[in-house]
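# What follows is a predicted structure for the sequence shown.
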Amino acid sequence: VMSKFMPVLPYATDALEPVISKETIDFHYGKHLQTYVNNLEKLIRGTALEGESIEEIVVDAPEGVVYNNAGQVMNHQLYFLQFSPTPRTNKPEGKLATLIVRDFGSFEKLQEKMNERSIGLFGAGWVWLCLNENGALEIISCPNGDNPLRHGKLPLLGFDVWEHAYYLDYQNRRADHIADLWKIINWDEIDRRVE
Ligand code: MN
């Protein structure tokens, strides 16, 4: 039985090639995420967190190994569900598009800023576009497995800049990987997260 924490991929494991290869999906989803999920299941068994949703656990978990694994489970759920091999549109529409123009000036400016933050993040972590406590869009860098929800911000779009996300396909070329990720974003899914 698959854990309730394991997202079902809405595409075949080779469908995101060449941006994310089947080999990377097999390791990243099949091994890395599966390990975070197994660890979390084990850590919360018999505790007050056992019946909670991943969102609740990310907010409630004690600092340290429980939060580290919970953060990574939620990060990767959002990450793997945000892609499509055939996006219907190559930029956001609706409410999100309006917010981007209001808060960044243009979609291209948002892309520039996400790229800069992704290239500039030292070591392992995530760069998130999120909706903050004032209802404004914000880009934040999260070290390691940290998730914006822990800080009262709603995560919308996340770039995983741990080397395990791109090293098999891009080696040290993080900037090239990030630039290519924009080609496979499912904006219908990101738009849904704003509602
Ligand atoms: Mn990862």
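Noted; the coordinates are in hand.

# Which single residue of this structure ends up nearest the ion?
D160 (4.3 Å; CB to the ion). (Each C-beta comes from the backbone N, C-alpha and C, glycine too.)

# Counting neighbours, what do you get for that residue?
Using other CB atoms under 10 Å, D160 has 24 neighbouring residues.

# do Y29 as well
Using other CB under 10 Å, Y29 has 18 other residues around it.

# just the one 10 residues further on next, same as before
N39 is flanked by 17 other residues according to other CB under 10 Å.

# repeat for P7
As a burial measure, P7 scores 19 neighbours (other CB under 10 Å).

# what do you get for P87?
Neighbour count for P87, taken as other CB under 10 Å: 16.

# Tell me how far it lies from V19.
12 Å (CB to CB, to the nearest Å).

# Spit out the residues that contact the two alike.
Residues touching both P87 and V19 (CB atoms under 8 Å, 6 or more residues apart in numbering): K183, I184.

# Can you name the residues of this protein sitting close to the ion?
D160, W162, A165 (CB under 5 Å from the ion).

# Arrange those in JSON lines, one row each, with secondary structure and distance to G125 as further columns.
Formatted as JSON lines, those follow (DSSP: H, G, I helix; E, B strand; the rest coil; distance: CB to CB, whole Å):
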{"residue": "D160", "secondary structure": "strand", "distance to G125": "9"}
{"residue": "W162", "secondary structure": "coil", "distance to G125": "7"}
{"residue": "A165", "secondary structure": "helix", "distance to G125": "11"}
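
# Make TSV from these and add pLDDT to it.
TSV is the format used below for the residues of the chain next to the ion (pLDDT from 0 to 100):
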residue	pLDDT
D160	98
W162	96
A165	96
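
# Okay, buried residues for stretch 13-20 please.
By neighbour count with 16 or more other CB atoms under 10 Å, stretch 13-20 contains the buried residues T13, A15, L16, E17, V19, I20.

# nope, stretch 21-34 is what I was after
Buried-residue list, stretch 21-34, by 16+ other CB under 10 Å: S21, T24, I25, F27, H28, Y29, H32, L33, Q34.

# which secondary structure element contains P18?
P18 is part of no helix or strand when elements are defined by DSSP states H and E.

# That one and L137: what is the separation?
Per CB to CB, P18 is found 30 Å from L137.

# Next: Q82.
To L137, Q82 is 16 Å away according to CB to CB.

# where along the protein do the strands fall?
Taking DSSP state E, the strands of the chain run over residues 125-131, 137-143, 154-160.

# Return the most buried member of those.
Among those, ranked by average contacts under mean count of other CB atoms under 10 Å, first place goes to strand 125-131 (a mean of 24).
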